[in-house]
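sequence plus the predicted model coming up.
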Amino acid sequence: MRAVTVREIAQRAGVSAATVSRYLTGTEVVSPDKSARIARVLGPLGEGAVPRMRAAANPMVGVVIPELGLQYYIDVLREIMDQVGTYGFQSVFIPACGNARHSYLDTIKALNLRGLILLDEDIPPDLMALIEARELRAVVCGGANLGYGGRVTAVHINDLAGGYEGTKYLIGLGHKRIAFLSDSPKSIGSGFQRIIGAKQALTEAGLPFHDRLWRCGALTDDAGYELCRQLLSEGQAFTALFASSDQMAIGAMRALKDAGIRVPEDVSVMGFDDLPIADRARPRLTTIHQPLKDIVRNTLSFFAEPDPAMLSAEINVPFSVLERESCRAIEG
């Protein structure tokens, strides 16, 4: 029996030759429907008729980097570098910021990738179209799936619960006027979910959510500084501040210090993420602990052991309130 070609298999299965190549090499995930059609064609042919193809020795996963200004992204990248070697494949970092924003799609097209790790949950339409066209497995590492369908998996904490528990912790310390700093909210994004959780905790405690105490901006220390400075310059009264990132919280602490306001004696400050900078801050920052090691481990495991049934999964990892020195109980 002569060996059939990849093109012949593709014609019989009604798929592209590239899809058959990916199926035979295992370098990328092929959808369950197409995999079944290829398997039905290969079955009657027998092993000797199937072309021998060598799978890539070190399949690659691309990590799309949206920006370099967030310490959270830097710490996730460091964790990926620490863990990726144990999974038998390589990672390649693909900047999608600055001058590279216009060329990163070409970089993805030129690489033979098993899939993509996305650090930003807000996926541009052109990147989403490429993911679907190439049948790439995509995992949002640390963010939500904003309705992208079956090609995207999300590994993250329950952000609504994180906002709820953080606010409930501050209420338990006696705080009734709490300022909130967050990124610009999306209807189902992580930042919006955290604010929804905060509102729920306030409502359960019989406390109002003050719109004037909610400010939005980038999740950076500079933004935290500026947003807190705005609150102070407007004379807004608050006894606690809950920021959606540790960087924001540390920036806010800097603004408070410049205004002669002590943390936590005058204002309690709480962050979100538990990055190494939270423990180095003075006072040491109370925060919502996101287990980056577990988030990255769950992300990488999708590429090590592809399971088509899990392509659209939302994987929640546990979080906790980590109490340090930047919050204190008050009376009344």
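Alright, I've got the coordinates. Numbering: from 1, shown residues only.

any idea how far the closest residue to residue 239 other than its chain neighbours lies from residue 267?
Once flanking residues are discounted, residue 239 sits nearest to residue 175: 5.0 Å by CB to CB, 6 or more residues apart in numbering. Where you see a C-beta, it was placed from the backbone N, CA and C, and this is true even at glycine. Distance, residue 175 to residue 267, using CB to CB, to the nearest Å: 9 Å.

so who does the residue nearest the centre of the chain touch?
Central residue of the chain (CA atoms, centre = their mean): residue 142, 2.4 Å from the mean position. By CB atoms under 8 Å, 6 or more residues apart in numbering, the contact list for residue 142 reads 72, 76, 119, 155, 156, 290, 292, 295.

give me that answer again for 10 Å
72-73, 75-76, 117-121, 154-157, 190, 273, 290, 292, 295-296, 299, 317 (CB atoms under 10 Å, 6 or more residues apart in numbering).

drop anything exposed from those residues.
Burial by neighbour count, 16 or more other CB atoms under 10 Å: within these this picks out 72-73, 75-76, 117-121, 154-157, 190, 273, 290, 292, 295-296, 299, 317.

could you point out the helix or strand that follows the lowest-mean-pLDDT helix or strand in the chain?
Lowest on mean pLDDT, DSSP states H and E among the helices and strands of the chain sits helix 17-25, with a mean of 67. Counting by DSSP states H and E, the element after helix 17-25 in chain order, helix or strand, is helix 32-45.

how far does that next one sit from the chain's center?
Centre-to-centre, helix 32-45 and its host chain are 35 Å apart (CA atoms, centre = their mean, to the nearest Å).

begin at 7 from here
Yes, from this point I'll number from 7; that puts the last item at helix 38-51.

where does the protein have low pLDDT?
7-12, 23-24, 27-38, 49-64, 104-108, 155-156, 193, 311-318, 338 (pLDDT under 70).

next, the distance between the ends of stretch 139-153.
Taking CA to CA, to the nearest Å, the first and last residues of stretch 139-153 lie 18 Å apart.

whoops, I mixed them up, stretch 214-225
One end of stretch 214-225 to the other measures 25 Å (CA to CA).

next one: stretch 187-200
End-to-end for stretch 187-200, by CA to CA: 10 Å.

what residues of it count as buried?
187, 188, 189, 191, 195, 196, 197, 198, 199, 200.

just stretch 245-264 next, same as before
245-262.

in helices only, show me the buried ones among the contacts of residue 148.
If you go by DSSP state H, the buried ones among the contacts of residue 148 have 78, 79, 81, 82, 196, 298, 301, 302, 305 in helices.

need these in a markdown table (columns: distance to residue 223).
Output for those, formatted as a markdown table (distance: CB to CB, whole Å):
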| residue | distance to residue 223 |
| --- | --- |
| 78 | 15 |
| 79 | 17 |
| 81 | 20 |
| 82 | 21 |
| 196 | 15 |
| 298 | 23 |
| 301 | 24 |
| 302 | 27 |
| 305 | 27 |
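
from the residues you listed, pick the one nearest residue 226.
The closest of those to residue 226 turns out to be residue 78 (CB to CB; 10.1 Å).

isn't the closest one up against residue 252?
Yes: using CB atoms under 10 Å, residue 78 and residue 252 qualify as a contacting pair, with a distance of 7.9 Å.

which residues do the two both contact?
225, 278, 279, 281, 283, 296.

list the contacts of the last one.
If I follow you right, that is residue 296. Contacts for residue 296 (CB under 10 Å, 6+ apart) come out as 78, 81-82, 148, 162-163, 165, 168, 252, 278-281, 323-326, 328.

what does the fourth one give?
Going by CB under 10 Å, 6+ apart, residue 281 touches 76-78, 80-82, 251-253, 256, 287, 291, 293, 295-296, 298.

among the residues you listed, which two are most distant?
Going by CB to CB, the pair spanning the contacts of residue 281 furthest: 82 and 287, at 19.5 Å.
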